[in-house]
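A.B. asks: missing the sequence, but the structure's below:
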């Protein structure tokens, strides 16, 4: 594994060390109002494609986005959807990583919640009482 | 004073909410065929459900995470999805059984055929899920379900030979006309009925719905530790009634009317009125809980917005999922399949699925990242590990026993 040694060192660690499997994958994502958005179905990393030979000095990959949507199916059954089909939540929007991932933005306009919005607007809100506050 | 009332209300609803169609049918079947010789299983099951319901409530209060979020997070996507499929299908089967139970109970009360009651029951379940506040829903069905205490009253009025009943319960033996395999098959069914996984999904999600914090844990612990055992006592009374009236007459329970026959004999028309109210309330309450549980499990696995504390429009997929589940239940019942039979299968399948629910809860209840200082103590862990062994054995033995005994026939 000589190529591995020739790679550029990872960026300096600032703060906590997160294990993708342990602390990110399959965790609940909440928006800035505490409304559930989705679960982290997969992660997107920057960097070279899987089977490309790494040139010496290649920078270490960086986490760019949380993925959701159909990617869950491919994570379980294998394969990879084309990049245009991935539903992304940019990593910049993540405000806090704990038992849940909190976003710094509202969930209402994210791509990740369009199914929820569609079902709300086309079905649930049209049933009488759909906007009734139970409390 | 208000706090005391809260505790009393919690205990009463826990008692009334403990019994569902699975407990009713299985206990009556077991009582009518095996007398009191399987009472020990109810005791084992009640201790187990207390242990794990308590644990899932603590996880929910300490971390704000309900059971299926935890299952997905711990097992990962693949094993989590397998778990979801099994748990969800069994829960759907239970939804079907409960709605059928409501319809059968209404048939007993009205003499109108149960198939006509099924759409009414499903619509009523949906309306409550759609509209009614969580705490009101819980308290009303729980309190009305308390009328099932009439089983215990009827048992006293039947003036049984207590020594004989106690003897059967304390020195369990397989009755001469039954085989050992059917005995163990029904032991597993009874265990599954007492420990049904949906109770844990519902309990932990309910803790989130009602916004429990660590402060409320004492009250929830009292509710569980007092309410569930008393609910278990109710189960034993159902079995006892069947053992006193039906066993000597050679009637093996196959319908809901046979379940309440001993009450009519022991407590007369008044008793019958009470037991009918109790049947409707208990099955209706459980139908609500299982319907909500189907929504909870799906929403928590996929990370959707969920909860009755939100407007339906703010938990759209959650509500749509429950509507679809109710339609599926309706469709299954519309085929004319016997709800009592669905119930008998659902409790056994529940027993098979038990480890899927209980193992992840036990793991997370020991995780300081979730629990902070409220991780399990050593005695709880020892007991929980012992239960895990029991649960695993029951789960593995269920299908072979089902095949060997022809599902208990």
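C.D. replies: Sure thing, it's come through. Model, not experiment: these values are computed from the prediction.
A.B. asks: helices and strands around the helix or strand containing residue B:324, which ones?
C.D. replies: Per DSSP states H and E, residue B:324 falls inside helix B:316-334. When contacts are defined as 3 or more CB pairs under 8 Å, 6 or more residues apart in numbering or on different chains; DSSP states H and E, helix B:316-334 packs onto helix A:114-122, helix B:67-110, helix B:114-131, helix B:256-302. Every residue, glycine included, has its C-beta placed from N, CA and C.
A.B. asks: Tell me the gap between the second one and the middle of its chain.
C.D. replies: Which is helix B:67-110. On the basis of CA atoms, centre = their mean, to the nearest Å, helix B:67-110 sits 11 Å off its chain's mean C-alpha point.
A.B. asks: swap in the third one?
C.D. replies: In terms of CA atoms, centre = their mean, the centre of helix B:114-131 is found 19 Å from the chain centre.
A.B. asks: Can you confirm whether that helix lies near chain A?
C.D. replies: Yes. Using CB under 8 Å from any CB of the partner chain, we find that helix B:114-131 touches chain A at B:130, B:131.
A.B. asks: ok, residue B:8 to residue B:281 distance?
C.D. replies: 18 Å (CB to CB, to the nearest Å).
A.B. asks: of these two, who's got more company?
C.D. replies: Neighbour count, other CB atoms under 10 Å in any protein chain shown: between residue B:8 and residue B:281, residue B:281 has more, with 24 against 13.
A.B. asks: Correct me if wrong: that one contacts residue B:150.
C.D. replies: No. Checked against CB atoms under 8 Å, the pair residue B:281 and residue B:150 is beyond contact range at 12.0 Å.
A.B. asks: Show me where chain A has its strands.
C.D. replies: Here chain A has its strands, by DSSP state E, at A:28-30, A:36-39, A:42-45, A:63-68, A:87-90, A:94-97, A:101-103.
A.B. asks: name the helices or strands packed onto the first one?
C.D. replies: Right, the one you point to is strand A:28-30. strand A:36-39, strand A:101-103.
A.B. asks: so which helix or strand takes in the closest residue to residue B:391 other than its chain neighbours?
C.D. replies: Leaving out its chain neighbours, the residue that sits closest to residue B:391 by CB to CB, 6 or more residues apart in numbering or on different chains is residue B:354, at 4.6 Å. Assigned by DSSP H and E, residue B:354 falls within helix B:339-364.
A.B. asks: Just list what that helix packs against, helices and strands only.
C.D. replies: So helix B:339-364, by 3+ CB pairs under 8 Å, 6+ apart, packs with helix B:21-34, helix B:39-63, helix B:67-110, helix B:180-194, helix B:197-209, helix B:378-405.
A.B. asks: In TSV, list these along with distance to residue B:323 and mean neighbour count.
C.D. replies: Below are those laid out as TSV (distance: least, CB to CB, whole Å; neighbours: other CB atoms under 10 Å in any protein chain shown):
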stretch	distance to residue B:323	mean neighbour count
helix B:21-34	21	28
helix B:39-63	25	23
helix B:67-110	12	23
helix B:180-194	27	24
helix B:197-209	18	26
helix B:378-405	31	15
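A.B. asks: The ones you listed into JSON lines, with extra columns for distance to residue A:104 and mean pLDDT?
C.D. replies: Output for the helices and strands packed on helix B:339-364, formatted as JSON lines (distance: least, CB to CB, whole Å; pLDDT from 0 to 100):
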{"stretch": "helix B:21-34", "distance to residue A:104": "46", "mean pLDDT": "94"}
{"stretch": "helix B:39-63", "distance to residue A:104": "22", "mean pLDDT": "93"}
{"stretch": "helix B:67-110", "distance to residue A:104": "21", "mean pLDDT": "93"}
{"stretch": "helix B:180-194", "distance to residue A:104": "45", "mean pLDDT": "94"}
{"stretch": "helix B:197-209", "distance to residue A:104": "23", "mean pLDDT": "90"}
{"stretch": "helix B:378-405", "distance to residue A:104": "38", "mean pLDDT": "94"}
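A.B. asks: Neighbours of residue 114, how many?
C.D. replies: This is for chain A. 12.
A.B. asks: Sorry, I should have been clearer: chain B.
C.D. replies: Residues near residue B:114, counting by other CB under 10 Å: 22.
A.B. asks: give the contact list for residue 38.
C.D. replies: The chain I'm using is chain A. Applying CB atoms under 8 Å, 6 or more residues apart in numbering or on different chains, we find residue A:38 in contact with A:29, A:68, A:89, A:112, A:113, B:302, B:303, B:304.
A.B. asks: my bad, chain B
C.D. replies: Residue B:38 neighbours (CB under 8 Å, 6+ apart): B:30, B:172, B:183, B:186, B:187, B:190, B:239.
A.B. asks: Leaving out the residues flanking it, which one is nearest to it?
C.D. replies: Nearest to residue B:38 is residue B:30, by CB to CB, 6+ apart, at 5.0 Å.
A.B. asks: Flag every residue of the stretch 201-350 of chain B that's near chain A.
C.D. replies: So far as CB under 8 Å from any CB goes, the stretch 201-350 of chain B lies against chain A at B:299, B:301-306, B:308-314, B:316-317, B:319-320.
A.B. asks: go again using 6 Å as the cut-off
C.D. replies: For the stretch 201-350 of chain B, the contact set with chain A under CB under 6 Å from any CB of the partner chain comprises B:303, B:305, B:308, B:311, B:312, B:313, B:316, B:317, B:319, B:320.
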